Each structure stands twice: as C-alpha cells, then as structure tokens.
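Undergrad: Give me a 3D structure for the following:
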Amino acid sequence: MVSTPVVVGLDFGGTKIAVAVGDLSGRRLGATTVDSQVESGGAAEAMARGLTAARELLAEVAPDQELAGVGAATLGIPYDDRVELAPTFPGWGELPFGRLIRDGFPGVPVRLATDVKAAAEAELRWGALAGSDPGLYLNLGTGLAIAIVAGGTVLTGAHGASGEIGYDLRSPADVYVDEAERTILEHVVSGQALETTGSARLGRPVTAADVFTMARTRADAAVLTDEFVRELAMHLANLAIAIDPDRIVVGGGLVRSWDQLEPGLRRALDAAVPFPPELSVARFPSDAPLIGALALGVEAAGVVLGAEAFA
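TA: This next block holds a predicted model:
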C-alpha cells in the first residue's frame with residue numbers, strides 16, 4: 001500500500017509551542033504542545049523543543065509516511081536569519097528562524113508566516129472571516145496585533161508588518177518619541193501587560209485570566225479590566241473608522257473572557273464608527289495560528305486546499 005504524504009505545522013507563541021501533523025487535505029492526525037519559555041532555557045532551547053516535539057509527533061502518528069511540507073508561524077515577523085518585532089520573547093529576534101526550521105527538516109519545502117496572519121488566513125479560508133471584504137482579525141493573546149483581509153487575501157504590508165498595532169501611539173505626547181522611549185500600546189493592552197499590571201496593583205502574582213476572573217467580584221480588579229477594554233476599544237474603533245470592515249473577529253487566549261470584553265468593544269464600535277461592523281469570536285479562537293501553519297505546510301507541499309478543509 002502506498003503511504004499518504006503528511007505535513008507539519010508549528011505555531012511558536014509567547015507561552016507555548018503548538019505542533020500538528022496533518023494529511024494533504026488538511027485533516028489533523030495528531031497535535032501536541034510544549035512550553036515556550038521555561039526557567040532553565042532561552043530562545044534557542046525553545047526552538048529545539050518545538051522541533052523535537054514535531055519529530056516525535058511525526059514518529060508517533062505518521063511513522064512511515066513522507067513529510068511533504070512544513071509550515072511555521074511565529075510571533076513577530078519571520079525571516080531566514082532573524083525574527084523582527086518579537087520583544088515579548090527575549091532572544092527570539094536573534095534566532096535564524098527560517099534556517100533552523102529548514103535544518104530541522106532537511107530537503108522538505110517550508111513556508112513561514114507571522115502567527116496572527118496565519119490565524120487570519122485560517123479564519124478567511126474556513127472560519128468567521130469567510131466572505132468578509134474587508135475584515136479584521138484581532139488577536140488578544142500574550143501580545144497584541146491585528147490582520148486585515150481584503151480581496152480574498154491577508155494583507156502583509158511592504159515589510160510583512162501590517163497590523164502590528166502593538167506599536168501604536170497612545171496619545172499626542174507620544175508623537176516624535178522613539179518607540180524605546182515611550183509606552184507602546186502592547187505594553188498596556190495585551191495578556192502579558194495585564195499580567196504585569198495586575199500583579200503590581202493587586203498585591204500578588206496573577207495571570208491575565210486571573211485578573212478577569214477577579215474583576216467579577218473585586219472592584220480593584222474591575223478597574224484594571226475597564227482600563228484595558230477602554231484603551232483597546234479606542235484603537236479598535238479607530239481601525240474600524242479607517243478600514244470600514246464588515247466584520248471583526250477576535251481570537252487568542254483572552255477570548256475566554258469574551259463576556260467581559262464584548263460589551264465594551266461593541267459599545268465603542270456602535271458609538272464611534274459610521275458603519276459599525278459585526279463583532280464576534282473567531283471560529284478557531286485558540287488554535288487558528290496552528291491551523292494556519294498546517295495550511296502553510298500543505299501549500300509548501302504544492303497542494304491548494306479547498307473550502308471543506310478543517311470543516
């Protein structure tokens with residue numbers, strides 16, 4: 001019997017690395033996750049853990065099958081010799097990202113993408129952004145970014161950095177000030193930011209999810225989540241005014257607190273945007289970047305996926 005080729009998708013995030021093996025139709029055969037950042041190692045060790053996890057998963061679920069393609073998504077903007085715009089993961093920017101992926105799977109075609117754009121691609125093809133033109137994908141995870149879809153594609157920008165709103169100016173006082181000398185939006189509105197601020201102001205170490213949970217019963221935590229949602233809502237409304245999307249979908253780890261996020265975002269869009277867009281949770285709220293990475297692997301193998309993939 002002829003074995004069916006398979007592909008690997010890797011999603012390198014700020015807190016975890018997700019890996020999946022799938023067939024050429026997009027059907028997932030197996031998946032696993034490992035920690036991105038552990039106390040004993042840095043960026044290079046995280047990359048090694050991810051590659052090892054992928055090879056072990058391949059050996060487990062497709063031991064005798066040809067590996068036809070690899071897709072890798074990452075926080076930041078990936079190149080063969082570095083990763084740009086990845087400040088939340090110390091040392092990640094200096095890794096020769098594409099080269100390490102290719103060295104990990106010699107002779108296998110590889111495609112790279114930033115994680116948020118891979119997630120938007122998955123939502124555009126098979127999820128909540130299907131048929132949207134233009135549409136916005138908002139990622140609320142360890143970091144903060146959006147992706148814009150228009151004309152049936154995800155816009156990358158001249159340098160692959162479209163949608164990196166984590167670097168937004170927050171007030172007129174920020175104009176003319178270098179990024180390193182001001183507080184960028186991601187330092188205030190992101191999972192990592194809420195964890196840092198919450199731990200400082202609530203008197204004990206907390207995660208972003210803890211802050212949202214505590215906000216249901218504690219006024220001091222509710223102040224933090226209100227500040228978070230208000231600032232996010234302002235930038236999201238301004239984006240909607242500029243782009244005029246028909247739909248905004250939201251993914252990432254913080255959508256677990258959607259019932260606390262949605263009312264403020266909805267209210268801001270309705271109040272400020274001339275033609276308020278639809279607003280919803282993504283179809284793949286937690287694993288869209290991994291699904292996008294798996295799709296990249298299929299494309300690297302030279303296969304065009306249909307709308308039924310990942311259904």
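Undergrad: From what I see, residue 43 and residue 94 are in contact.
TA: Yes. Between residue 43 and residue 94 there is a contact under Cβ atoms under 8 Å: 7.2 Å. Heads up, the C-betas are built off the backbone N, CA and C, glycines and all.
Undergrad: Looking at the two, which has the bigger crowd around it?
TA: Here residue 43 and residue 94 are set side by side on neighbour count (other Cβ atoms under 10 Å), and the busier one is residue 43, at 20 against 14.
Undergrad: ok, the residue nearest to that one when sequence neighbours are not counted to residue 239 distance?
TA: Leaving aside its chain neighbours, residue 43 sits nearest to residue 91 (3.4 Å; criterion: Cβ to Cβ, 6 or more residues apart in numbering). Applying Cβ to Cβ, to the nearest Å, the value for residue 91 to residue 239 is 31 Å.
Undergrad: okay, those two: which has more neighbours?
TA: Here residue 91 and residue 239 are compared on neighbour count by other Cβ under 10 Å; more neighbours surround residue 239, at 22 against 16.
Undergrad: who's in contact with residue 161?
TA: Residue 161 sits next to 77, 84-85 when contact means Cβ atoms under 8 Å, 6 or more residues apart in numbering.
Undergrad: Buried among the residues you listed? Need that as a selection in ChimeraX.
TA: Selection of buried members from the contacts of residue 161 for ChimeraX, criterion 16 or more other Cβ atoms under 10 Å:
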select :77,85
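Undergrad: just checking, which of the contacts of residue 161 belong to strands?
TA: 77, 84 (DSSP state E).
Undergrad: count of neighbours near the residue lying closest to residue 212 once chain neighbours are set aside?
TA: Counting by Cβ to Cβ, 6+ apart, residue 212 lies nearest to residue 257, which is 3.9 Å off, once chain neighbours are set aside. Using other Cβ under 10 Å, the number of residues around residue 257 comes to 19.
Undergrad: next one: the one 10 residues further on
TA: The tally of other residues near residue 267 (other Cβ under 10 Å) stands at 13.
Undergrad: Check which helices and strands the one helix or strand it maps to sits against.
TA: Using DSSP states H and E, residue 267 maps to helix 258-272. Applying 3 or more Cβ pairs under 8 Å, 6 or more residues apart in numbering; DSSP states H and E, one finds that helix 258-272 contacts helix 219-243, strand 247-251, strand 278-281.
Undergrad: re the thing from before, report the separation between the residue nearest to residue 43 and residue 18.
TA: Applying Cβ to Cβ to residue 91 and residue 18 gives a distance of 20 Å.
Undergrad: Settle this for me: residue 247 is touching residue 135, isn't it.
TA: Yes. Contact criterion Cβ under 8 Å: residue 247 and residue 135 qualify, at 4.7 Å.
Undergrad: Looking at these two, which has the bigger crowd around it?
TA: Neighbours around residue 247 and residue 135, counted as other Cβ under 10 Å, are more numerous at residue 135. The numbers are 25 against 20.
Undergrad: separation between that one and residue 150?
TA: Applying Cβ to Cβ, the value for residue 135 to residue 150 is 8 Å.
Undergrad: Next: residue 279.
TA: Taking Cβ to Cβ as the measure, residue 279 and residue 150 are separated by 18 Å.
Undergrad: who are the neighbours in contact with the closest residue to residue 28 other than its chain neighbours?
TA: Among residues not flanking residue 28 along the chain, residue 22 sits closest, at 4.9 Å (Cβ to Cβ, 6+ apart). Going by Cβ under 8 Å, 6+ apart, residue 22 touches 6-7, 9, 28-29, 294, 297-298.
Undergrad: Looking at the residues you listed, which are in strands?
TA: Those of those mapping onto strands are 6-7, 9, 28-29, per DSSP E.
Undergrad: Of those, which one scores lowest on pLDDT?
TA: Among the ones in strands among the contacts of residue 22, residue 28 carries the lowest pLDDT, at 91.
Undergrad: correct me, but that one touches residue 20?
TA: Yes. Between residue 28 and residue 20 there is a contact at 5.4 Å, judged by Cβ under 8 Å.
Undergrad: overlap in contacts of those two?
TA: Common neighbours of residue 28 and residue 20 are listed as residue 294 (criterion: Cβ under 8 Å, 6+ apart).
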